[in-house]
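Student: coords please:
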Amino acid sequence: MNLITKIILGLIALHLLLGFGWLIYKLMPGTPSKDDTPGGEGSKLPEEESSP
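Tutor: Okay, the predicted model is just below:
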């Protein structure tokens, strides 16, 4: 295995670790999603969307 192959395999491993870490973070209970935060798209009621 030459240096280029080791670098590529290291990048793939790092990518997998970051991906699984992000997935675990997103699946943790109590983590607010985008729609749960104030001002997010899910916070508006249908009546508030079209104001005269």
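Student: what average pLDDT does the longest helix along the chain get?
Tutor: Using DSSP state H, we find that the single longest helix of the chain is helix 3-27. What helix 3-27 shows for mean pLDDT is 96.
Student: can we start the residue count at 38 from this point?
Tutor: That works, and once the first residue is 38, the last one we named lands at helix 40-64.
Student: which other helices and strands does it contact?
Tutor: Other helices and strands packing on helix 40-64, by 3 or more CB pairs under 8 Å, 6 or more residues apart in numbering; DSSP states H and E, are absent; none qualifies. Using the backbone N, CA and C atoms, a C-beta is placed for each residue, glycine as well.
Student: in that helix, what's buried?
Tutor: Across helix 40-64, burial judged by 16 or more other CB atoms under 10 Å covers no residue at all.
Student: roughly how far apart are Phe57 and Met38?
Tutor: 24 Å (CB to CB, to the nearest Å).
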